[in-house]
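Provided below are the primary sequence and the corresponding predicted coordinates.
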Amino acid sequence: MTTASGAAAKSKSSRRHFLSAALIGLSPKTDKPIQGGFADTMMPLGHRLRDRVLGVTFQETVRVPLVIVGAGIAGLSAAWHLDKRGFRDFVLLEMDRQAGGNSKWGENEVSAYPWAAHYLPVPSKEVKLVHELMEELGVYHDGHWEERHLCHSPQERLYLHGRWQEGLEPEVAATKADRTQYKRFHDQMREFEQSGEWVIPVDNGKRTRRELDQLSMADWMRRNGYDSPYLHWLVDYSCRDDYGARSHQTSAWAGIHYFAARGQQEDKGPLTWPEGNGWIAGRLIRKLDRYLRTETMVVRIRPNGTKWRVLTPKTTYETDMVIFAAPAFLLPYIMEDPPRLKADYSPWLTANLTLDRWPEENASNVAWDNVIYNSPGLGYVVATHQSLKTRHDRTVWTYYWALADGVAKDNRRLLAEKDWTYWKELILGDLSRAHPDIRQCVSRIDIMRMGHAMVRPSVGFLFSPQREALARQTGSFVLANSDVSGFSIFEEAQYRGVQAAEKSLRRIGR
Ligand SMILES: Cc1cc2nc3c(=O)[nH]c(=O)nc-3n(C[C@H](O)[C@H](O)[C@H](O)COP(=O)(O)OP(=O)(O)OC[C@H]3O[C@@H](n4cnc5c(N)ncnc54)[C@H](O)[C@@H]3O)c2cc1C
C-alpha cells in the first residue's frame with residue numbers, strides 16, 4: 001500500500017527522474033533518446049530590434065534607386081517582377097541567414113521539410129500571377145499541371161472517435177442532422193463563391209457584404225442556424241489552420257473567404273513538395289540571388305529629403321524608393337513616424353519530427369495531411385509523401401500548432417519562456433492520442449517558435465479604413481507584406497509584392 005507521504009516522495013523522485021531524463025534528451029517512458037532544440041535562430045535578434053539595442057557601425061554607404069526590405073514571398077515576388085520588367089537596380093535585404101520567411105524550409109538526411117507554408121491550392125485561371133509563376137517554374141505547361149507536383153493520394157484524414165477516416169469533414173458518428181447542415185453550409189458557400197465578392201487576390205472582389213466583417217465567423221454560423229458541433233469544429237479548425245485564430249476571433253467575411261474563394265479552384269491538388277512552399281521560395285531565390293543580401297537586418301529607415309536612408313548594422317543604403325515587405329508590426333521599431341497598420345498577429349509553433357520508423361499502424365495508410373479531432377494542434381504533414389519511392393523506413397513529419405486560445409500576448413510570452421522539453425512533451429502527448437507508440441518512433445524534434453507568425457483577420461480588420469488605405473497607398477515608401485491583405489496566404493503575398501513593384505516602377509518612371 002502506498003501512504004500519502006510515500007506517494008509524495010515517489011512523485012518527487014519520479015519528477016527528478018523525469019527532469020534528469022529530459023535534460024539529457026531521454027523520454028522517461030521509453031528511454032529512447034530524442035534529440036532536438038529550437039530552430040528559430042532569429043528570435044533573439046527580433047527582440048533586440050524591439051528593445052532598440054541593435055548597434056549600427058556605418059561602415060559604408062551604398063546608393064541604390066530601390067530597396068526591398070524582407071525576402072519572404074512578398075519581397076521575392078517584388079524582386080521577381082522588377083527583374084522581369086528589366087529593372088535591375090535594387091537590393092533585397094533579408095535579416096535571416098536563409099530567405100523565404102514563412103516559406104522557409106530545412107533538410108536532413110531523411111528529407112527536405114517545410115518550416116511553415118506547405119501547400120498552394122491549384123489556382124484558378126483568374127489568379128493570373130500564380131499561373132504565370134507556375135508556368136515559369138514548369139509546374140504548369142501546355143494547359144496541364146505537372147502530376148508530380150500535385151498532392152498524391154491519400155491527401156487528408158481525420159482521427160475521430162478512435163479511428164481514422166478519409167477527409168476532414170467528420171463522418172464517423174455524424175447524424176442525419178449534421179449531414180443536412182454540412183450540405184446547407186456548402187450550398188451557401190457556393191452561393192457566396194458565385195457572388196464575385198470572395199476572390200483571390202482579395203482586393204479584386206466586389207465589396208457589397210462589408211457588414212460580414214463586423215461579426216465573427218462563430219456568430220455568423222449561429223445566426224444562420226448552424227448548431228452541428230462537427231460543423232463548428234470544421235469551421236473553427238479551418239480558421240485556426242489559415243488564420244491562426246479561433247472562429248469566434250475571426251471575421252465572418254474572412255471565414256467565408258476560406259470556403260468560398262478557394263472553391264473556385266480546380267478540383268485537384270493542392271500543389272505541394274517535400275519542403276512545402278520552400279520549393280517555390282528556393283527557385284525564386286536562385287533566380288534573384290544577385291539582388292539578395294541575407295543576414296542584413298534593417299534597423300532604421302529615415303527620411304532623407306524626398307528620399308530614404310535604410311540602415312543596416314554595417315551598410316547604409318541611400319535610396320529613392322522603399323518596398324517594405326517585412327511585417328508592418330515592426331515599423332514602429334524602425335521608423336519615427338511610420339504608416340500605421342493596427343493589426344493582430346497570431347503566434348504559431350511548428351515542429352519537424354524525424355521518425356526512425358513509422359508508428360505501428362501501416363505506413364501506407366498515412367495521408368499527406370493528418371488531423372486529430374479536438375486537438376489543440378492542427379495535425380501533421382508527411383514530408384516524404386510526395387516521394388516516388390514506394391517504401392520509406394524513415395520519415396519527417398511537420399507538426400503545426402496555432403496558439404489561438406486565450407490572449408496572443410500571453411501565448412507569445414509562453415513561447416519565449418518555456419523550454420524545448422515542455423513543447424516536445426506537449427507535441428508527443430498530442431500525437432500519442434492517435435499514435436500510442438510515437439515515442440518509440442521519433443529520434444529528433446526541432447521546433448520553430450513564431451511570435452508574430454501571420455496577420456489575423458480579426459473582426460473589423462479587413463474593411464477598416466486604415467487597411468484599405470494602406471492597400472491603395474502610393475508614394476516612395478510602400479508596404480508589400482501579405483499583412484496588408486488582411487490575411488496571409490501565398491497568393492496574397494505574391495500579389496502584394498508585384499503590386500508594390502508596379503507602383504515603384506511607375507514612381508521611378510520606368
Ligand atoms: C505556420 C504557417 C503555415 C503556413 N502555411 C501556409 C500554406 O500552407 N500555404 C500558404 O499559402 N500560406 C501559408 N502560410 C502563410 C504564409 O505566411 C504566406 O504564404 C507567405 O509565405 C507570407 O509571405 P510574406 O512575404 O508576406 O511574409 P513573411 O514570410 O513574413 O516574410 C517577411 C520577411 O521579412 C524578413 N524581415 C523581417 N524583419 C526584417 C528586417 N528588419 N530586415 C530585413 N528583413 C526582415 C523576415 O525574416 C521574412 O523573411 C503559413 C504561415 C504560417 C506561419
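It's in.

let me know the secondary structure of R467.
For R467, the assignment made with DSSP: H, G, I helix; E, B strand; the rest coil gives helix.

any part of the lengthiest strand in the chain near the ligand?
Secondary structure of the chain per DSSP state E: the longest strand is strand 442-456. Yes. Counting by CB under 6 Å from any ligand atom, the ligand is contacted by strand 442-456 at M450, A453, M454. (C-beta placed from N, C-alpha, C; glycine too.)

in JSON lines: these, plus pLDDT and neighbour count.
Converted to JSON lines, the residues of strand 442-456 next to the ligand look like this (pLDDT from 0 to 100; neighbours: other CB atoms under 10 Å):
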{"residue": "M450", "pLDDT": "97", "neighbour count": "24"}
{"residue": "A453", "pLDDT": "98", "neighbour count": "22"}
{"residue": "M454", "pLDDT": "98", "neighbour count": "24"}
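
OK, contacts around D320?
Shown in contact with D320 (CB atoms under 8 Å, 6 or more residues apart in numbering): P65, L66, K307, W308, S476, R507, I508.

ok, back up a step: C-alpha coordinates for the longest strand of the chain, CSV please?
What follows is strand 442-456 as a C-alpha-only set of coordinates in CSV (Å, rounded to 0.1, in the frame of the first residue of the first chain):
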residue,chain,number,x,y,z
VAL,A,442,10.8,9.7,-33.1
SER,A,443,14.5,10.3,-32.8
ARG,A,444,14.6,14.1,-33.2
ILE,A,445,12.2,17.1,-32.8
ASP,A,446,13.2,20.6,-34.0
ILE,A,447,10.9,23.4,-33.0
MET,A,448,10.3,26.8,-34.6
ARG,A,449,8.6,29.4,-32.4
MET,A,450,6.9,32.3,-34.3
GLY,A,451,5.6,35.0,-32.0
HIS,A,452,4.0,37.1,-34.8
ALA,A,453,3.7,34.4,-37.4
MET,A,454,0.9,35.8,-39.5
VAL,A,455,-1.6,38.7,-39.5
ARG,A,456,-5.0,37.8,-38.1
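
what are the buried residues along it?
In terms of neighbour count (16 or more other CB atoms under 10 Å), strand 442-456 has its buried residues at 442-456.

same deal with stretch 281-290?
So for stretch 281-290, counting by 16+ other CB under 10 Å, buried means A281, G282, R283, L284, I285, K287, L288.

any bit of it sitting next to the ligand?
No. Applying CB under 6 Å from any ligand atom, one finds stretch 281-290 separated from the ligand by no less than 7.7 Å.

just to revisit the earlier point, quick check, nearest of the buried residues of stretch 281-290 to the ligand?
Comparing the buried residues of stretch 281-290 against the ligand with CB to the nearest ligand atom places A281 closest, at 7.7 Å.

the helix or strand hosting that closest one: how far from the chain's middle?
Using DSSP states H and E, A281 sits within helix 278-288. The chain centre lies 17 Å from the centre of helix 278-288; the measure is CA atoms, centre = their mean, to the nearest Å.

repeat for stretch 488-500
14 Å.

and it, anywhere near the ligand?
Yes. Counting by CB under 6 Å from any ligand atom, contacts between stretch 488-500 and the ligand involve S488, I489, F490, A493.

how about stretch 136-150 as CSV, C-alpha atoms only?
Output of stretch 136-150 as CSV, limited to C-alpha atoms (Å, rounded to 0.1, in the frame of the first residue of the first chain):
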residue,chain,number,x,y,z
GLU,A,136,7.8,29.8,-65.5
LEU,A,137,8.8,27.1,-62.9
GLY,A,138,7.5,24.2,-65.1
VAL,A,139,4.7,23.3,-62.7
TYR,A,140,2.1,24.2,-65.3
HIS,A,141,2.6,23.7,-69.0
ASP,A,142,0.6,23.1,-72.2
GLY,A,143,-2.6,23.6,-70.2
HIS,A,144,-1.8,20.9,-67.6
TRP,A,145,-0.5,20.7,-64.1
GLU,A,146,2.6,18.5,-63.8
GLU,A,147,1.3,15.4,-61.9
ARG,A,148,4.4,15.1,-59.6
HIS,A,149,3.7,18.5,-58.0
LEU,A,150,0.1,17.7,-57.2
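
avg pLDDT for that stretch?
For stretch 136-150, mean pLDDT is 94.

give the buried residues for it.
Applying a neighbour-count criterion of 16+ other CB under 10 Å, one finds L137, V139, Y140, W145, H149, L150 buried in stretch 136-150.

give me the contact list for it.
Contacts of stretch 136-150 (CB under 8 Å, 6+ apart): 122, 131, 134-135, 266, 268-273, 280, 283, 386, 388.

for the one residue in the stretch 151-300 of the chain that gets nearest to the ligand, helix, strand, or coil?
Closest to the ligand within the stretch 151-300 of the chain is V298: 3.8 Å, counting by CB to the nearest ligand atom. Recorded secondary structure, V298: coil (three-state DSSP).
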